[in-house]
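Novice: using only what follows, build the 3D model:
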Amino acid sequence: MKKIIDSCFYCDKDQKLKDLMIKIEDLQVSTLYLNKDQTHFGRSILAFQSHKRELFELSQIELHRFMEDLAKGAYAIQEAFRPQKINYAIFGDLVSHLHIHIVPKYKEGNNWGEAFVNAPTHKKVLNGIEYIQLIEKINKHLKNEEDNNE
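Specialist: I've put the predicted structure just below:
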């Protein structure tokens with residue numbers, strides 16, 4: 001019997017997804033997105049490519065590749081923006097598709113020394129060109145990471 005999945009914007013790639021984030025790059029088993037809320041400069045989300053809810057649902061190979069994708073995305077964000085720390089968060093209460101928030105933290109920035117606020121009252125929204133520039137900067141370092149590993 002096939003399991004029925006509630007509507008999922010990561011799977012549907014619908015307008016809700018486009019309202020929240022912009023695709024950066026497909027990786028081995030996931031897709032890296034730039035969050036449109038840039039309250040934490042460089043904030044991105046890594047979403048598993050097929051619909052899974054929990055890490056334990058992944059095969060050993062999928063889990064390994066997902067963690068490699070996470071490390072690759074975090075490396076690119078570190079190189080692109082030089083935060084003092086990167087926070088990682090897996091929630092899923094409201095969006096059950098397996099995804100990890102990659103949140104750069106800066107000593108003089110928002111929420112330093114505490115958990116980041118996932119849905120701040122005042123979001124920092126950029127213009128289209130600014131998003132493109134951030135994505136290009138992250139992509140440059142994603143490509144550099146690929147070249148270093150070959």
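Novice: moving C-terminal from whatever helix or strand residue 46 lives in, which element do we reach first?
Specialist: Element membership for residue 46, per DSSP states H and E: strand 44-48. Downstream of strand 44-48, the first helix or strand assigned by DSSP H and E is helix 60-81.
Novice: who does that following helix touch, helix- and strand-wise?
Specialist: Packing contacts for helix 60-81, counted by 3 or more Cβ pairs under 8 Å, 6 or more residues apart in numbering; DSSP states H and E, involve strand 30-35, strand 44-48, strand 85-89, strand 99-105, helix 128-149. Every residue, glycine included, has its C-beta placed from N, CA and C.
Novice: indicate which one of those is closest to residue 62.
Specialist: Judged by Cβ to Cβ, the one of the helices and strands packed on helix 60-81 that comes nearest to residue 62 is strand 44-48, at 7.8 Å.
Novice: buried ones in the closest one?
Specialist: Using 16 or more other Cβ atoms under 10 Å as the test for burial, strand 44-48 gives 44-48.
Novice: and the strand holding residue 46, which strands flank it?
Specialist: Sheet pairing here is set by DSSP bridges, and for strand 44-48 it gives strand 30-35 (antiparallel), strand 99-105 (antiparallel).
Novice: what is the most widely separated pair among the buried residues of strand 44-48?
Specialist: Longest distance between any two of the buried residues of strand 44-48 is 14.4 Å, between 44 and 48; criterion Cβ to Cβ.
Novice: for the protein, which residues score under the pLDDT cut-off?
Specialist: Residue ranges of the chain with pLDDT under 70: 1-6, 145-150.
Novice: one more pass at 80, please.
Specialist: Counting by pLDDT under 80, the chain shows low-confidence ranges at 1-6, 144-150.
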